[in-house]
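Enquirer: Kindly return the folded structure for what I paste below:
(2 chains)
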There are 2 protein chains.
Amino acid sequence: METALYLIPVTLGDTPLSNVLPTYNKEIILHIRHFIVEDIRSARRFLKKVDKTIDIDLITFYPLNKHTSPDAISGYLKPLQDGFSMGIISEAGCPAVADPGADVVAIAQRKNLRVVPLVGPSSIILSVMASGFNGQSFAFNGYLPIESGERIKKIKVLEQRIYNEHQTQLFIETPYRNHKIIEDILHQCRPQTKLCVAANITCEGEYIKTCTVAEWRKIHL
Amino acid sequence: METALYLIPVTLGDTPLSNVLPTYNKEIILHIRHFIVEDIRSARRFLKKVDKTIDIDLITFYPLNKHTSPDAISGYLKPLQDGFSMGIISEAGCPAVADPGADVVAIAQRKNLRVVPLVGPSSIILSVMASGFNGQSFAFNGYLPIESGERIKKIKVLEQRIYNEHQTQLFIETPYRNHKIIEDILHQCRPQTKLCVAANITCEGEYIKTCTVAEWRKIHL
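Expert: The predicted structure follows:
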């Protein structure tokens, strides 16, 4: 196994690992003793799920969240520079995509250290696949603004790009704000604009449905 | 197993299946007798790799490429409407993302048929992960224009979006045009703009390297 910074995806929810992770990931994980993690508790839980017999006490965790300073992050890569592989684990899905990790990877790239991304579930790519939308051109926009006026403005800009550039527009939302944002879209967008709602991807109750705004208005109201 | 249109990723090159595909995918594949495929020969090869004992003669293949008419595509979904699961297999990576399949999925969604995306390697998401670039906002732009003037114009528009919107810009290129496009970028982009070159992802000789344009100029020239 090559010495590298491995980007290690986890499940998107309570689904068996074998449904969404290649067995190769386990081989890699079992060789790593240094993990940079979004949350230590959930990382421990994930590692125990990968292999019950894993000795957590032999592992060093480096927390990575909004409180972590850039200086600390740069120091995290010391074991890798000393020749030990490291892993990055986020709380759900693929690290460094809509999740912390990109800043660590950027530092590794700057220091000319090898970075290896492992395959796992990405809600972004899985929803593009199942939406039926243009997969030759798409943009992931993260979270839309929380403030209503700003959010509506953003929705209109994104809708414009669908028509002007034939570019699929993706964004994520927290469950408790889902209803509000769907309402905004149904009020602000053209009837023929298509909306795909994707929830619980790869988990029980997976829901991925594409309709026009006009059709959603009938379903939703 | 739920009756659905399954989107079945394949490897990105000559790498063992267990490196990039969950074992669950095999379970699903072994229950499907109707596959919509970008290329029949490579689909057969893939299925034999999934399970040597698979009886290809029991399987019906429906070719999906630029010669397939929309009418034919719509007819392809008949088995699914009759209660038999179907699969879509493209030549590399995830179907319907930078690959055929989205039009079939769109028809399935319109007919209110269940669509289930399976996890597998996506060069797009893997390169975002390993680039160290912003993964909270990124756009995949497919192929850039072939004509030199058009291509340079497009490169400048994309570079502008990096600075104005802090949006990571991705595109793909065929091996024989790689050199030309890197040259264009090194000539047209600002020295401080970062370029990640990702090739042979998940395969032997995987190469994922991020440098500034100024640094690439020194390496490349």
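Enquirer: Strands along chain A, start to end?
Expert: A:5-8, A:34-37, A:60-63, A:86-89, A:115-117, A:138-143, A:168-172, A:194-199, A:207-212 (DSSP state E).
Enquirer: can you redo those as a markdown table with mean pLDDT, mean neighbour count and distance to chain B?
Expert: Every residue, glycine included, has its C-beta placed from N, CA and C. Putting the strands of chain A into a markdown table (pLDDT from 0 to 100; neighbours: other Cβ atoms under 10 Å in any protein chain shown; distance: least, Cβ to the nearest Cβ, whole Å) gives the following:
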| stretch | mean pLDDT | mean neighbour count | distance to chain B |
| --- | --- | --- | --- |
| strand A:5-8 | 98 | 27 | 5 |
| strand A:34-37 | 96 | 24 | 13 |
| strand A:60-63 | 96 | 16 | 17 |
| strand A:86-89 | 97 | 27 | 9 |
| strand A:115-117 | 98 | 26 | 4 |
| strand A:138-143 | 96 | 21 | 4 |
| strand A:168-172 | 97 | 20 | 9 |
| strand A:194-199 | 96 | 18 | 8 |
| strand A:207-212 | 96 | 18 | 4 |
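Enquirer: For A:G75, find the nearest of those strands.
Expert: Across these, A:G75 has its closest neighbour in strand A:60-63 (8.6 Å, Cβ to Cβ).
Enquirer: quick one: strands adjacent to the closest one?
Expert: Strands that pair with strand A:60-63, judged by DSSP bridges, come out as strand A:34-37 (parallel).
Enquirer: Run through who's touching the strand it pairs with.
Expert: For strand A:34-37, contacts defined as Cβ atoms under 8 Å, 6 or more residues apart in numbering or on different chains pick out A:8, A:43, A:47, A:59-64, A:76, A:79-80, A:84-90, A:101, A:104.
Enquirer: How far off centre is it?
Expert: Relative to its chain's centre, strand A:34-37 lies at 17 Å (Cα atoms, centre = their mean, to the nearest Å).
Enquirer: List the residues that contact the closest residue in space to A:K209 that isn't next to it in sequence.
Expert: Excluding the flanking residues, the one nearest A:K209 by Cβ to Cβ, 6 or more residues apart in numbering or on different chains is A:V197, at 5.6 Å. Counting by Cβ under 8 Å, 6+ apart, A:V197 makes contact with A:182, A:207-209, A:216.
Enquirer: Just the closest of these to A:M1, please.
Expert: Minimum distance to A:M1 across those is 35.5 Å, recorded for A:I208 (Cβ to Cβ).
Enquirer: which stretch among the strands of chain A comes nearest A:E27?
Expert: Distance to A:E27, taken as Cβ to Cβ, is lowest for strand A:5-8 among the strands of chain A, at 10.8 Å.
Enquirer: Between the strands of chain A, which one is closest to B:I172.
Expert: strand A:138-143 (13.1 Å).
Enquirer: Pairing partners for that closest one, with directions?
Expert: The strands beside strand A:138-143 in its sheet (DSSP bridges) come out as strand A:168-172 (parallel), strand B:138-143 (antiparallel).
Enquirer: Pull up the gap between the nearest residue in space to A:F140 that is not next to it in sequence and A:L80, please.
Expert: Nearest non-adjacent residue to A:F140, counting by Cβ to Cβ, 6+ apart: A:L170, 4.7 Å away. Using Cβ to Cβ, to the nearest Å, one gets 32 Å for the distance from A:L170 to A:L80.
Enquirer: go on, A:I208?
Expert: As judged by Cβ to Cβ, A:I208 and A:L80 stand 38 Å apart.
Enquirer: low-scoring stretches of chain A, by residue?
Expert: Flagging of chain A using pLDDT under 70 yields the residue ranges A:220-221.
Enquirer: Can you give me the buried ones in the helix ranked longest in it?
Expert: The residue-count maximum for a helix in chain A (DSSP state H) belongs to helix A:148-165. For helix A:148-165, the neighbour count (16 or more other Cβ atoms under 10 Å in any protein chain shown) marks A:151-152, A:154-155, A:158-159, A:161-162 as buried.
Enquirer: Report the residue ranges of every domain in chain A.
Expert: Domain assignment for chain A by automatic domain parsing gives A:5-117, A:123-220.
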